[in-house]
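S.K.: this one's structure only:
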C-alpha cells in the first residue's frame with residue numbers, strides 16, 4: 001500500500017523528483033519512462049538524465065501510438081529522435097482505438113496504455129503526472145461521488161494487480177507552471193496535443209475553464225486540492241486497516257462470512273465488502289450497486305437466491321457466505337466434438353481437454369461413432385451414475401455434489417446422440433464407461 005504524502009515546501013522540480021526517487025528507487029533499479037512527447041514527460045526525461053550520476057539506475061522509454069491524432073506519427077518520430085539523441089532505448093507500441101468504443105475514447109485509450117504498461121519488464125514505470133493533474137483528478141472524483149479512496153486521487157507509488165512494474169509518479173509535488181519554467185530554462189522542445197484544448201472532454205474542461213476560475217478566487221487552489229487528496233489517502237489507508245482487522249474473522253480464501261458482516265455497523269460492513277471486492281482485483285462498483293449488494297447479502301430471505309451484478313463480476317450468497325464470480329458468459333449453442341484434443345465451449349466459458357486413457361472415462365468407440373456435443377444445461381437432463389442405479393435429474397445431482405448455484409448454469413456437459421454422458425465435477429454415465437482394457441475418453445476442464 002502506498003504511504004500518503006504531503007506536498008513539499010517550494011523546491012525546484014528536479015529536486016522534488018530526486019527526493020521521490022530517493023524515497024522509492026534503490027540503486028541500479030530498472031526504470032521505464034512513459035514518454036508521450038508532451039511537456040511533462042519531456043521535462044521528466046531531462047530530469048532523470050541529470051540524476052543518473054548521483055542516483056544510478058537503468059533507464060529506457062516507452063511510447064504508445066494511439067493513432068487518434070493526425071499528428072500521432074510526428075509525435076512518435078519526435079520521441080524517437082529525442083531518445084536517440086541521448087542514446088536511450090525507446091519501445092514504440094501502436095494500438096488501435098475504436099471511435100465507437102462503448103467505454104469512450106479516453107477510457108479506451110487509457111485501457112490500451114495500461115495493458116501495455118502491465119506487461120513491461122521493469123522495476124518501475126515512471127509517469128509524468130504532476131500537481132495540477134492531481135488537483136483535476138480530485139475534482140473529477142468528487143464530481144463522480146467517490147469516497148476517500150477515489151478522492152485520494154493518484155498515489156506517488158502504486159502497485160497494480162497484474163503489473164510487473166510499480167508505477168511511480170515523481171512529479172506529483174511539481175506544478176505545471178514549474179515544469180514549464182524548467183523546460184524553458186533548459187531550452188527543451190516538446191509536442192503539443194491539440195486534443196488537450198477540446199473542452200468536450202471533462203478533464204480538459206476542468207483544466208481550461210474551471211481551474212483558472214478557481215485560481216482567480218482561491219490562490220494556490222491546485223496545491224490546496226493536492227493536500228486534500230493526501231489527507232484522503234490517509235483516511236483511505238485507515239479504512240483499509242480497519243477492513244483488514246474485520247477480515248481476520250470474515251474472509252477466508254474467496255469467501256466472505258455473511259454472519260460476521262451482519263454483526264458490523266452498516267458503514268463498517270460496507271467498508272469490508274468494498275475491501276473484499278478490491279482484494280479480488282475487481283473495480284469498485286457505484287455506491288448504489290454496493291449498497292444493493294450489501295442489502296441483498298444481509299436482508300434477503302435465508303433461502304433466497306442472491307446474485308447482484310457488480311460490473312464484470314457477480315456477488316452471490318451461498319450457504320452463509322458471499323462469493324465473487326465472473327459474470328456468466330453470453331448464451332451460445334452447444335459445440336460439436338470431432339476428435340479434437342482440446343475444444344472451446346463458449347457457453348460454459350471454458351476449454352475442455354479430451355484425453356485418451358486406457359480403462360478410464362467414456363468408451364472411445366461409442367463417442368467416435370456418434371454425434372458428440374458439449375454445452376451447458378437446458379433443463380430436464382438426467383443421468384445414471386451407477387450401474388443398475390436410477391436415472392437422476394441433473395438438478396438433484398448438482399445439489400447432492402454441492403455445486404454452487406453460479407456454476408450450475410455454466411457446468412460443462414457432454415452428450416452423445418442426445419444422451420447426457422458427462423457432467424464436469426459430477427461424473428460419467430455408467431452405461432458408457434470404458435472397460436478396464438478399453439480405450440476411453442476423459443474430458444477435463446481447462447478454465
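M.R.: Looks like it came in fine. This one's a predicted model, so the numbers in the text were calculated from it and none came from an experiment.
S.K.: And the pLDDT for the closest residue to residue 387 other than its chain neighbours?
M.R.: The shortest distance from residue 387 to any non-neighbouring residue, by CB to CB, 6 or more residues apart in numbering, is to residue 430 (4.4 Å). To be clear about C-beta, it is placed using only N, CA and C from the backbone, and glycine gets the same treatment. Predicted confidence (pLDDT) for residue 430: 94.
S.K.: How much space separates residue 430 from residue 363?
M.R.: Per CB to CB, to the nearest Å, residue 430 is found 12 Å from residue 363.
S.K.: can you pull the contacts of the nearest residue to residue 383 once chain neighbours are set aside?
M.R.: Excluding the flanking residues, the one nearest residue 383 by CB to CB, 6+ apart is residue 420, at 4.8 Å. Going by CB atoms under 8 Å, 6 or more residues apart in numbering, residue 420 touches 381, 382, 383, 394, 413, 414, 429.
S.K.: a strand runs through residue 120, doesn't it?
M.R.: No - counting by DSSP: H, G, I helix; E, B strand; the rest coil, residue 120 is not part of a strand but coil.
S.K.: count of residues packed around it?
M.R.: Neighbour count for residue 120, taken as other CB atoms under 10 Å: 18.
S.K.: Distance of it relative to residue 424?
M.R.: Remark: distance between residue 120 and residue 424 (CB to CB) = 37 Å.
S.K.: for residue 46, same thing?
M.R.: Residue 46 is 58 Å from residue 424, by CB to CB.
S.K.: now do residue 350
M.R.: For residue 350, the distance to residue 424 equals 8 Å [CB to CB].
S.K.: how about the helices in the stretch 151-300 of the chain?
M.R.: 176-185, 202-205, 211-217, 221-250, 258-263, 266-279, 287-299 (DSSP state H, counting those that start in this stretch).
S.K.: name the helices or strands packed onto the longest one?
M.R.: For helix 221-250, the packing partners by 3 or more CB pairs under 8 Å, 6 or more residues apart in numbering; DSSP states H and E come out as helix 131-143, helix 148-151, helix 211-217, strand 255-257, helix 258-263, helix 266-279.
S.K.: if you average pLDDT over each of those, which comes out lowest?
M.R.: Among the helices and strands packed on helix 221-250, helix 148-151 has the lowest mean pLDDT, at a mean of 88.
S.K.: So which residues make contact with it?
M.R.: Residues contacting helix 148-151 (CB under 8 Å, 6+ apart): 138, 141-142, 144, 228-229, 232-233, 235-236, 239, 274, 284.
S.K.: buried set for that helix?
M.R.: 148, 149, 150, 151 (16 or more other CB atoms under 10 Å).
S.K.: quick one: it to chain centroid distance?
M.R.: Here helix 148-151 shows a centroid-to-chain-centroid distance of 17 Å under the convention CA atoms, centre = their mean, to the nearest Å.
S.K.: can you check stretch 415-429 too?
M.R.: That offset, for stretch 415-429, works out to 36 Å (CA atoms, centre = their mean).
S.K.: Mean neighbour count added to the helices of the stretch 151-300 of the chain, as JSON lines?
M.R.: JSON lines is the format used below for the helices of the stretch 151-300 of the chain (neighbours: other CB atoms under 10 Å):
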{"stretch": "helix 176-185", "mean neighbour count": "16"}
{"stretch": "helix 202-205", "mean neighbour count": "15"}
{"stretch": "helix 211-217", "mean neighbour count": "12"}
{"stretch": "helix 221-250", "mean neighbour count": "18"}
{"stretch": "helix 258-263", "mean neighbour count": "15"}
{"stretch": "helix 266-279", "mean neighbour count": "18"}
{"stretch": "helix 287-299", "mean neighbour count": "16"}
